[in-house]
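Novice: Next one to model:
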Amino acid sequence: DKATFSDLAARSGVPQPRTIRVEHEDDLRSVPDTDLPGYFLKPRRSDLFNRRFRRKAFPIADRADAEHRLAQMREAGPAAVLQEYVPGPATSHYFVDGFVDRHGGVAARFARRRLRMYPVDFGNSSIMVSVPLAEASQAVADLERFLADVGYRGIFSAEFKRDERDGVLRIIEINT
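Specialist: Down below sits the predicted model:
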């Protein structure tokens with residue numbers, strides 16, 4: 001659940017895009033009209049949304065578009081979050097993969113950077129390259145703090161995007 005994930009990231013102090021739970025059209029009002037094009041609607045559960053809409057998210061053009069997309073989502077069933085779009089190209093995405101053992105120790109780490117994705121902005125990686133862990137050191141530290149805070153054990157793959165406005169790596173999601 002992407003809303004719960006956002007709450008846990010905030011609790012752990014992990015930088016993330018602004019994320020707002022959206023239960024009703026009134027929840028969209030927390031973002032001014034002029035800022036809405038910098039946000040997108042995404043499902044709290046990706047599997048249901050992807051099956052129905054064959055995409056990862058709905059970019060937002062304006063308030064009417066946001067209300068229309070939210071109505072579509074509610075009709076189809078998936079609950080939503082409104083999330084700030086982190087600007088930057090595909091090459092701004094970093095992934096940290098690894099394994100947390102039964103004692104809570106991170107037993108393996110691997111970093112990679114996206115070179116290309118399709119579709120652009122809300123797609124999947126089509127080319128990636130491994131990078132030194134030092135290139136994503138902020139993400140590694142934030143992720144390990146998050147995983148320890150939630151008591152996670154097992155395999156993980158976390159996605160971050162470097163925000164071109166301030167250079168901060170913001171967590172997007174963790175696949176387990």
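Novice: okay, CA-based contacts and neighbour counts for the rest of this
Specialist: Fine.
Novice: Name the SS class of D33, please.
Specialist: At D33 the chain is in coil, as set by DSSP: H, G, I helix; E, B strand; the rest coil.
Novice: Sketch out the strands for the chain, chain order is fine.
Specialist: 19-22, 39-43, 58-59, 80-84, 93-100, 106-118, 124-131, 154-162, 169-175 (DSSP state E).
Novice: can you tell which of these is closest to G13?
Specialist: In terms of C-alpha to C-alpha, the element of the strands of the chain nearest to G13 is strand 169-175, at 10.8 Å.
Novice: who touches that closest one?
Specialist: With C-alpha atoms under 8 Å, 6 or more residues apart in numbering as the test, strand 169-175 has contacts from 2, 5, 14-17, 138-139, 156-163.
Novice: Just give me the closest of these to L41.
Specialist: For the contacts of strand 169-175, the nearest to L41 is K2 (11.3 Å; C-alpha to C-alpha).
Novice: what sits against that closest one?
Specialist: K2 neighbours (C-alpha under 8 Å, 6+ apart): P43, R44, R45, V81, E173.
Novice: Most neighbours of all the residues you listed, which one?
Specialist: Looking at these with neighbours defined as other C-alpha atoms under 10 Å, the largest count falls to V81 at 26 neighbours.
Novice: How about that one, nearest residue that isn't a chain neighbour?
Specialist: Nearest residue to V81 in three dimensions, chain neighbours excluded: R21, at 4.6 Å (C-alpha to C-alpha, 6 or more residues apart in numbering).
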